[in-house]
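# structure for the following, please:
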Amino acid sequence: MRRLNATLALLALCATLSLAQRPEEKPARLQPVEIVSTAELIYPVNSVAFGTVVLQVTISADGEIEAVKVIKDIKSLTPEATKCVRKWKFRPAELNGKPVRATLAVAFTFNNPFRNP
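The predicted model follows:
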């Protein structure tokens, strides 16, 4: 029994020493996706709708668009919003200085073209 207690005490001491010698972990640093350039949004000529289309854009670690998912749809406006965002250029997100895949939400607001100013 003494041998078991001595062994457990030695293991506890070794574990404590190894924890004490670990360097402090730095908190993760996240640099979000950066929009480098955009394209002009064109109101579709065959639409009379207005409102906001919201898209979720997935950006690869290379800064390329991987996917575009529709979050809020307006049937006659969503195709134009999707076409527009696919022309954008991005700088990828970085986690601790390394490029990573990330998503961001993009909202396009189309105003009523028939409204009096």
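
# separation between Lys72 and Ala81?
10 Å (CB to CB, to the nearest Å). Every C-beta, even on glycine, is put in place using the N, C-alpha and C of the backbone.

# which residues do those two both contact?
Val53 (CB atoms under 8 Å, 6 or more residues apart in numbering).

# so for those two, which sits in the more crowded spot?
Ala81 (25 against 14; other CB atoms under 10 Å).

# quick one, phi/psi of the more buried one?
phi -60, psi -40 (degrees, to the nearest 10).

# quick check: it touching Gln56?
No: with contacts counted by CB atoms under 8 Å, Ala81 stays clear of Gln56, the gap being 11.9 Å.

# what's the neighbour count on Lys89?
So Lys89, with other CB under 10 Å, has 13 neighbours.

# identify the residues contacting it.
Counting by CB under 8 Å, 6+ apart, Lys89 has contacts 35-37, 63.

# how about those residues in a markdown table, adding distance to Pro113?
Below are these laid out as a markdown table (distance: CB to CB, whole Å):
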| residue | distance to Pro113 |
| --- | --- |
| Ile35 | 26 |
| Val36 | 29 |
| Ser37 | 26 |
| Gly63 | 34 |
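
# those in helices, which ones?
Of the contacts of Lys89, none are assigned to helices by DSSP state H.

# those residues: which two are farthest apart?
Using CB to CB, the contacts of Lys89 span at most 11.4 Å, a distance reached by Ser37 and Gly63.

# which one's more surrounded, those two?
Gly63 (15 against 8).

# what's near enough to touch the more buried one?
Each residue near Gly63 by CB under 8 Å, 6+ apart is listed here: 36, 89-92, 99.

# could I get the buried residue list for stretch 47-65?
Along stretch 47-65, these residues count as buried under the neighbour rule (16 or more other CB atoms under 10 Å): 50, 53-55, 57, 59.

# filter these down to the ones in strands?
53-55, 57, 59 (DSSP state E).

# from the residues you listed, pick the one nearest Pro113.
If you rank those by distance to Pro113 using CB to CB, Val53 comes first, at 15.3 Å.
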